[in-house]
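Enquirer: Predicted model and sequence below, questions to follow.
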Amino acid sequence: MSRTLLLLAIAFTSVLCACDHFSNVCSSGVSCPASVTFTAGEDTYALSELNFISFGDFTIDHGDTEGRTIVKGNLNAPNEGVSFGYALQSETATKPSLVVGGNVNWMVGETYPLGTGFFVGGAFTGASTLATKVEGPCSSAGCLDAAFDSVKNYYSALSSVLAAQAQTVTTSTLYQALQITCTSSAAVQYVSISTSDLSALVGYNLINCDASAQFVINVVGSGDVVLAGNNFPSGRVIFNIASSTKITTQSFVYGSIIAVNAALYQSAGTISGQVIVASAPTVVQANLPLCNSTSTSTSTSDVVPSTSTSAEQGTSTSGDSNASTSGDDNSSATSTSSAPSDSSTTTSEIPQTSSTSGSVAPATNGTRPIDCVFLDNYVSCATTGFDFFDRTLQLSNFDVIVFGDLSAGTGDIQGRAFVSGSVTLGNGFSFGQYLSNSNSNDWVLVAGSLDFTSGSFSDRRALVAGSVSVPSYLTSSVDRPCTNADCLDDITTSAQGCYNQAQSNLAALSDTATVVVGSNVAITCNTFMSNRNVFTISGSDLSAAQSFTLSNCMPQTQWIINVVGSDSVSFSGDSFPATSGDIIFNIQGSGRTISVSTGVNGAILAPSNSLTMDGGVIHGKVVVSSAQIVQINLVDCPAGSSSGSGSESGSGDVDAGQGNTSSQMGVSIVVIVLALIAALF
């Protein structure tokens, strides 16, 4: 078995079984209702096998659900490439990854495992290649209603049981972040919050909580719910939304959603977990649940003065490539303050935070958040315009830059891409869906050849220097203005020089935080007031990380993560707990492989290293030497920042490692004032 297939097989087994959020709760002593199964035709599914359940209609015009999806009503996928079950592609089982009780309108896409079909209760309209995969149609739509009603009754009863559990934590709100303090080591922690309070949050902070704990967020009230800002810092969370009739998600959501009475409007971002909703009028991306480390990580953060010793064993200042000290996976992560390097005990009166910065999801009206991409704002050459076939382009216009070949099965790049090699794409791939009204002409520049099985360039075009093999309906979307094969070489040379210099400048910055590594990486900022933080970590230590905790770090801060060494780098745990537009993973050296199988927050700057995605999604700019990808999304912007149009530059006029944008400075000043006021009480 190939490495990719092995990873997918392991991921599928561990995620859908060991990381089933609902089974975790029901095995903790709660009297859950007796579980049921779901049967369609000859196939029977355990509920833990299902990634997305809609008891009404399901509409998706681009994106995918990684696992299995069942829809009681109609499915409508009229535009972009859409796929189901991508994370199941290594399975040998033949159960469909898509079951629809009603009618299906689906134009472009794929189901996995490859070779399997999908169940349609009613009529199918769409692509002829998909029509051949329709299995088990009923005599009329609605033949699965009884099976769906049984599942809905189960989740309604389960939601009521969870809602009846008493809160086990104490909570408060600081800087629009929910501070959750655990008072016991219970395996399952219950949090109660109103719909309005939840909708106003931009982040969460776990205090004295076990990193392996399961959280249940019981949402009280019938008002609309908005999930925005940073994701919950633990992947083991259930949002139990019992009475609301509308949920809007605008960024990453790590955790499962049970909301049998609510319609889901996913305007942006990704949900990593099981989704159970009344209907799904707008779906973008739903991934399998994330697993957390089973190790214990105790955060000592609080809003009152806390004491830490700067010379504790296992803690070091990460000022060089060997600065991180590998801790035992079962040890508590101990934070250090910005004390002198002696054995004295110091007191910090600044509140320590885990993740409290707000975010604004990318808009869908043609704007793109260039102005909040930290990487390009700090690289002057990225925002320097150059003329190209009567167009004025900038490197900051591109969300994906690859200095070699790019390949993908299904999936998408939400923004623009420049590839100096060749591009090979499978079924249902799409570009630029968040830029559909932008006045820039090209989603994709390809210096080599383009081989595209099916998909779209939204309503714009691709510019290709080499040979082109695309379906007939895409022919009009491809320009070939070059008269020679090297017409894009100047862009490649400029881009390589620009980002190589940026990488060197970022690597030369001094660290401003201490790090204790292990399955949980504990990061302590030296100075709370800093609006830019830097720390160094090796590739192996980053690969071992399943979670991150931040202490003594100001909300709305920017992060430069210098990844040193020559070893490969793997992202497989929870994402870094900050706004994706504020993060740079500066993966240094050459010849390294970067593997992604989960959600990644932040830019990946690795111009001499290759990227391989086995799953998950990257929210951030990507600069690599070659890429095999699944999903690369636009960044989430920090609250208060502006989004520039696709044809405009960012505000960067300084080189990497210097300066600040005005919007970030403004938010930082406000937060500093709030922090000082809080420290007085």
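Expert: Cool, got the structure.
Enquirer: For the stretch 501-650 of the chain, give me the ranges with low pLDDT.
Expert: The stretch 501-650 of the chain contains residues with pLDDT under 70 at 555, 636-650.
Enquirer: Do a quick rundown of the strands in it.
Expert: 513-517, 520-525, 532-538, 547-551, 558-564, 569-571, 583-587, 593-596, 599-601, 603-613, 617-619, 622-633, 637-638, 644-645 (DSSP state E, counting those that start in this stretch).
Enquirer: May I see these organised as CSV, with mean neighbour count and distance to residue 231 added?
Expert: All C-beta atoms are positioned from the backbone trio N, CA, C, and that covers glycine. Shown next, in CSV, are these (neighbours: other Cβ atoms under 10 Å; distance: least, Cβ to Cβ, whole Å):
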stretch, mean neighbour count, distance to residue 231
strand 513-517, 25, 21
strand 520-525, 26, 16
strand 532-538, 24, 19
strand 547-551, 27, 12
strand 558-564, 24, 15
strand 569-571, 23, 14
strand 583-587, 25, 13
strand 593-596, 22, 16
strand 599-601, 27, 8
strand 603-613, 24, 17
strand 617-619, 29, 10
strand 622-633, 25, 13
strand 637-638, 28, 15
strand 644-645, 18, 25
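Enquirer: Now render the ones you listed as JSON lines, adding distance to residue 462.
Expert: Formatted as JSON lines, the strands of the stretch 501-650 of the chain follow (distance: least, Cβ to Cβ, whole Å):
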{"stretch": "strand 513-517", "distance to residue 462": "42"}
{"stretch": "strand 520-525", "distance to residue 462": "40"}
{"stretch": "strand 532-538", "distance to residue 462": "37"}
{"stretch": "strand 547-551", "distance to residue 462": "37"}
{"stretch": "strand 558-564", "distance to residue 462": "32"}
{"stretch": "strand 569-571", "distance to residue 462": "29"}
{"stretch": "strand 583-587", "distance to residue 462": "28"}
{"stretch": "strand 593-596", "distance to residue 462": "24"}
{"stretch": "strand 599-601", "distance to residue 462": "26"}
{"stretch": "strand 603-613", "distance to residue 462": "21"}
{"stretch": "strand 617-619", "distance to residue 462": "21"}
{"stretch": "strand 622-633", "distance to residue 462": "16"}
{"stretch": "strand 637-638", "distance to residue 462": "27"}
{"stretch": "strand 644-645", "distance to residue 462": "20"}
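Enquirer: Of all those, which one is nearest residue 391?
Expert: strand 644-645 (14.3 Å; Cβ to Cβ).
Enquirer: So for residue 64, which of the strands of the stretch 501-650 of the chain sits nearest?
Expert: strand 622-633 (7.7 Å).
Enquirer: for the closest one, packing partners?
Expert: strand 400-402, strand 406-413, strand 603-613, strand 617-619 (3 or more Cβ pairs under 8 Å, 6 or more residues apart in numbering; DSSP states H and E).
Enquirer: how about the residue nearest the centre of the chain, what does it touch?
Expert: Taking Cα atoms, centre = their mean, the centroid of the chain lies closest to residue 599, which sits 3.8 Å from it. Residue 599 makes contact with 231, 252, 254, 270, 272, 287, 290, 574-575, 616-619, according to Cβ atoms under 8 Å, 6 or more residues apart in numbering.
Enquirer: Ok, residue 450 next?
Expert: Neighbour list for residue 450: 422, 423, 444, 462, 464, 466, 467, 468, 469, 470, 478 [criterion: Cβ under 8 Å, 6+ apart].
Enquirer: tell me the phi and psi of it?
Expert: The phi/psi pair for residue 450 (degrees, to the nearest 10) reads phi -120, psi 120.
Enquirer: Look at it and report its pLDDT.
Expert: You'll see residue 450 listed with a pLDDT of 93.
Enquirer: For residue 190, name its beta-bridge partners.
Expert: residue 216 (DSSP bridges).
Enquirer: In this model residue 171 seems to touch it, though I could be wrong.
Expert: No. Counting by Cβ atoms under 8 Å, no contact exists between residue 190 and residue 171, whose distance comes to 10.9 Å.
Enquirer: Mind checking which of the two has more residues around it?
Expert: With neighbours defined as other Cβ atoms under 10 Å, residue 190 and residue 171 compare such that residue 190 has more, 22 against 14.
Enquirer: For residue 219, see how far away the more buried one is.
Expert: From residue 190 across to residue 219, the span is 12 Å (Cβ to Cβ, to the nearest Å).
Enquirer: who are the neighbours in contact with the closest residue to residue 98 other than its chain neighbours?
Expert: Excluding its sequence neighbours, the residue lying closest to residue 98 (Cβ to Cβ, 6 or more residues apart in numbering) is residue 118, at 3.9 Å. Taking Cβ under 8 Å, 6+ apart, we find residue 118 in contact with 84, 96, 97, 98, 99, 100, 104, 111, 133, 134, 135.
Enquirer: Count the residues that sit near the last one.
Expert: Using other Cβ under 10 Å, residue 135 is surrounded by 17 other residues.
Enquirer: again with the third one
Expert: Other residues near residue 97 come to 29 when the count uses other Cβ under 10 Å.
Enquirer: In the stretch 251-400 of the chain, where is pLDDT below threshold?
Expert: 290-374.
Enquirer: Would you mind measuring from residue 630 to residue 408?
Expert: Using Cβ to Cβ, one obtains 7 Å as the distance from residue 630 to residue 408.
Enquirer: do the same with residue 108
Expert: For residue 108, the distance to residue 408 - Cβ to Cβ - is 14 Å.
Enquirer: Please say which of these two ends up with more neighbours.
Expert: Set side by side, residue 108 and residue 408 show more neighbours around residue 108, with 26 against 21, by other Cβ under 10 Å.
Enquirer: per-residue confidence at that one?
Expert: So, for residue 108, pLDDT stands at 82.
Enquirer: same thing with the one 3 residues further on?
Expert: The per-residue pLDDT reported for residue 111 equals 87.
Enquirer: Just the CA trace of stretch 136-156, in PDB.
Expert: Taking C-alpha atoms only, stretch 136-156 is exported to PDB below (Å, rounded to 0.1, in the frame of the first residue of the first chain):
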ATOM      1  CA  GLY A 136     -30.900   2.000  -6.200                       C
ATOM      2  CA  PRO A 137     -33.500   4.600  -7.300                       C
ATOM      3  CA  CYS A 138     -36.900   4.300  -5.600                       C
ATOM      4  CA  SER A 139     -40.100   4.400  -7.500                       C
ATOM      5  CA  SER A 140     -40.500   7.900  -6.200                       C
ATOM      6  CA  ALA A 141     -38.800  10.500  -4.000                       C
ATOM      7  CA  GLY A 142     -39.400   9.900  -0.300                       C
ATOM      8  CA  CYS A 143     -38.800   6.200  -0.100                       C
ATOM      9  CA  LEU A 144     -36.200   6.800   2.600                       C
ATOM     10  CA  ASP A 145     -38.400   9.000   4.800                       C
ATOM     11  CA  ALA A 146     -39.000   6.400   7.500                       C
ATOM     12  CA  ALA A 147     -35.200   5.800   7.800                       C
ATOM     13  CA  PHE A 148     -34.500   9.500   8.000                       C
ATOM     14  CA  ASP A 149     -37.200  10.000  10.500                       C
ATOM     15  CA  SER A 150     -35.700   7.300  12.800                       C
ATOM     16  CA  VAL A 151     -32.300   9.100  12.600                       C
ATOM     17  CA  LYS A 152     -33.900  12.500  13.300                       C
ATOM     18  CA  ASN A 153     -35.800  11.100  16.300                       C
ATOM     19  CA  TYR A 154     -32.600   9.700  17.700                       C
ATOM     20  CA  TYR A 155     -30.700  13.000  17.400                       C
ATOM     21  CA  SER A 156     -33.600  15.000  18.800                       C
END
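Enquirer: in that stretch, what's buried?
Expert: 136-138, 141, 143-144, 147-148, 151-152, 154-156 (16 or more other Cβ atoms under 10 Å).
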